[in-house]
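Undergrad: Just need the structure, nothing else, for what follows:
(one chain, ligands or ions: 1)
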Amino acid sequence: MNSRSDAADIRSPFAIASLALANRLVQAPMAGVATRAFRLQARRFGVGLVVTEMIGSYGVYYRNPRTLAMLAAAPEERPLLVQLFGARPEVMAAAAARAVEAGADAVDINMGCPVRKVMKTGAGAALMADGRLAVRVTAAVVAAAAPVPVTVKLRSGPAAEVTVHSLAPRLVEAGAAAICIHPRLAVEGRKGRADHRVTAALAEALAVPVIASGDVDGPERAAWLLSECGAAAVMVGRASLGNPWIFADILAGERPRRRPLVEVLAEMEVFDGDLCAEMGEERAGRFMRKFYGWYLRPFRPGSELMRALFTAADFQEAARLLVEAMPEAAGYQPRA
Ligand SMILES: Cc1cc2nc3c(=O)[nH]c(=O)nc-3n(C[C@H](O)[C@H](O)[C@H](O)COP(=O)(O)O)c2cc1C
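TA: As a prediction, the model looks like this:
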């Protein structure tokens with residue numbers, strides 16, 4: 001891969017068409033995770049752009065209240081990239097217009113989701129297999145969202161072959177203002193290593209910014225993607241689960257390090273507060289359960305304690321259990 005002397009610093013600003021961003025660190029879209037509370041947290045830890053989980057265009061089109069609620073943007077999280085999935089150009093266009101009305105600063109089209117339920121409908125990575133439809137969807141969303149920029153998140157290909165190199169330029173021609181690439185084939189899911197040679201080739205070929213997603217776990221990898229692969233920005237997904245500090249570490253150029261349990265609990269409390277405000281205490285209590293394993297993994301809580309945490313009604317109860325069971329949690333003082 002060619003080294004680029006003009007490589008940008010992760011902390012330097014960049015733009016997706018008219019959308020100015022403070023830095024080149026982006027929180028990855030994650031279904032079932034990247035709700036508003038998660039995005040607010042990513043913002044508190046410094047990312048320049050937050051992204052919603054993927055939102056069904058039909059749900060928006062038919063005004064499903066739960067789907068519409070997913071579009072709601074909080075002022076503190078903006079700029080916000082709203083990701084939509086779907087395969088019908090007019091439905092995607094209507095959903096994009098609605099997303100913009102609700103405060104989206106940019107709209108992303110999901111062409112990377114490998115989940116069968118999504119691909120069966122022709123959406124997600126399945127769109128990559130039908131280039132003409134992918135172009136039509138992109139053009140329709142671009143027209144409906146204008147002047148708000150539209151991005152497309154792609155895989156290397158929908159099945160066994162790398163096809164992104166022929167498709168991506170057509171999407172740019174249709175008006176995509178940036179391409180986000182997760183360089184694995186859809187059939188690979190998230191297994192193996194992302195092949196960022198694909199990222200580098202796209203960055204070389206396209207006149208729009210390329211945002212790289214896949215296996216970013218610290219500042220070295222992020223800097224490598226910017227300098228060696230020509231990425232304009234990098235996304236962090238799994239490495240941020242239970243570790244929002246990684247965003248700040250990457251921006252500071254510091255090796256990610258484990259924080260003391262007391263600090264982790266204090267952050268979980270803030271996150272839980274935002275979750276409660278977003279979805280109500282009961283749902284937040286259940287939603288929080290998937291995060292306990294991620295936050296607590298470095299502290300090896302043991303299976304008995306984890307079972308107890310999964311039955312806790314809310315974070316306060318879980319925190320009490322943790323303080324009782326783990327000496328390292330002893331100094332934690334709930335704010336409430
Ligand atoms: C739990 C989870 C949910 C995801 N949901 C989405 C999604 O809704 N839309 C999308 O484009 N990518 C989704 N992804 C893929 C990520 O955005 C990212 O491209 C991928 O995980 C590789 O990056 P990473 O190694 O930093 O995690 C998801 C990933 C995970 C782990």
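Undergrad: in the chain, which spans are strands?
TA: Ranges of strands in the chain, per DSSP state E, are 14-16, 19-21, 25-27, 50-51, 55-56, 80-85, 106-111, 150-157, 178-185, 210-213, 233-236.
Undergrad: distance of the residue lying closest to residue 192 once chain neighbours are set aside from residue 198?
TA: In this structure, residue 192 finds its nearest non-sequential neighbour in residue 184, 6.9 Å apart by C-beta to C-beta, 6 or more residues apart in numbering. Just so you know, the C-beta spots here come from the backbone N, C-alpha and C atoms, and that holds for glycine as well. As judged by C-beta to C-beta, to the nearest Å, residue 184 and residue 198 stand 9 Å apart.
Undergrad: More neighbours: these two, which one.
TA: Counted by other C-beta atoms under 10 Å, residue 184 and residue 198 do not tie: residue 198 has more neighbours, with 26 against 23.
Undergrad: ok, now which ones touch that one?
TA: 156, 162, 164, 165, 181, 183 (C-beta atoms under 8 Å, 6 or more residues apart in numbering).
Undergrad: Enumerate the residues of the stretch 51-200 of the chain near the ligand.
TA: Counting by C-beta under 6 Å from any ligand atom, the residues of the stretch 51-200 of the chain close to the ligand are 53, 54, 83, 110, 112, 113, 153, 182, 190.
Undergrad: which of those has the weakest pLDDT?
TA: Taking those together, the minimum pLDDT is found at residue 190 (91).
Undergrad: Next, the contact list for that one, please.
TA: Contacts of residue 190 by C-beta under 8 Å, 6+ apart are 184, 238.
Undergrad: rerun at 7 Å
TA: residue 184 (C-beta atoms under 7 Å, 6 or more residues apart in numbering).
Undergrad: Please tell me how far residue 249 sits from residue 227.
TA: 18 Å.
Undergrad: do the same with residue 145
TA: Distance, residue 145 to residue 227, by C-beta to C-beta: 32 Å.
Undergrad: Who has more neighbours out of those two?
TA: Each of residue 145 and residue 227 has its neighbours counted (other C-beta under 10 Å); residue 145 has more, 25 against 17.
Undergrad: Quick check: that one touching residue 108?
TA: No - the pair residue 145 / residue 108 is not scored as a contact, 10.2 Å apart, by C-beta atoms under 7 Å.
Undergrad: returning to what we had before: make TSV from the strands of the chain and add distance to residue 260 to it.
TA: Conversion of the strands of the chain to TSV gives the following (distance: least, C-beta to C-beta, whole Å):
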stretch	distance to residue 260
strand 14-16	34
strand 19-21	32
strand 25-27	24
strand 50-51	26
strand 55-56	36
strand 80-85	32
strand 106-111	36
strand 150-157	36
strand 178-185	33
strand 210-213	30
strand 233-236	22
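Undergrad: so which of those comes closest to residue 282?
TA: strand 55-56 (22.5 Å; C-beta to C-beta).
Undergrad: per-residue confidence at the nearest residue to residue 143 once chain neighbours are set aside?
TA: In this structure, residue 143 finds its nearest non-sequential neighbour in residue 93, 6.7 Å apart by C-beta to C-beta, 6+ apart. Per-residue confidence (pLDDT) for residue 93: 98.
Undergrad: that older thread, which one (most neighbours) among the contacts of residue 198?
TA: Neighbour-wise, those (other C-beta under 10 Å) top out at residue 181, 30 neighbours.
Undergrad: Check that one and give its pLDDT.
TA: The model's pLDDT for residue 181 equals 98.
Undergrad: Next one: it relative to residue 335, how far apart?
TA: 41 Å.
Undergrad: again, but for residue 127
TA: Taking C-beta to C-beta, one finds residue 127 at 45 Å from residue 335.
Undergrad: Can you report how many residues lie near residue 310?
TA: Count around residue 310 with other C-beta under 10 Å applied: 13.
Undergrad: For the spatially closest residue to it that is not a sequence neighbour, report the pLDDT, please.
TA: Spatial nearest neighbour of residue 310, chain neighbours left out: residue 289 (5.4 Å); criterion: C-beta to C-beta, 6+ apart. For residue 289, the pLDDT comes out at 96.
Undergrad: Next, find the distance separating residue 289 from residue 298.
TA: Relative to residue 298, residue 289 is positioned 18 Å away (C-beta to C-beta).
Undergrad: ok, now residue 309?
TA: For residue 309, the distance to residue 298 equals 15 Å [C-beta to C-beta].
Undergrad: what's the answer for residue 221, then?
TA: Counting by C-beta to C-beta, the separation of residue 221 from residue 298 is 20 Å.
Undergrad: Give me the more crowded residue out of those two.
TA: Between residue 221 and residue 298, residue 221 has the larger neighbour count (other C-beta under 10 Å), namely 17 against 13.
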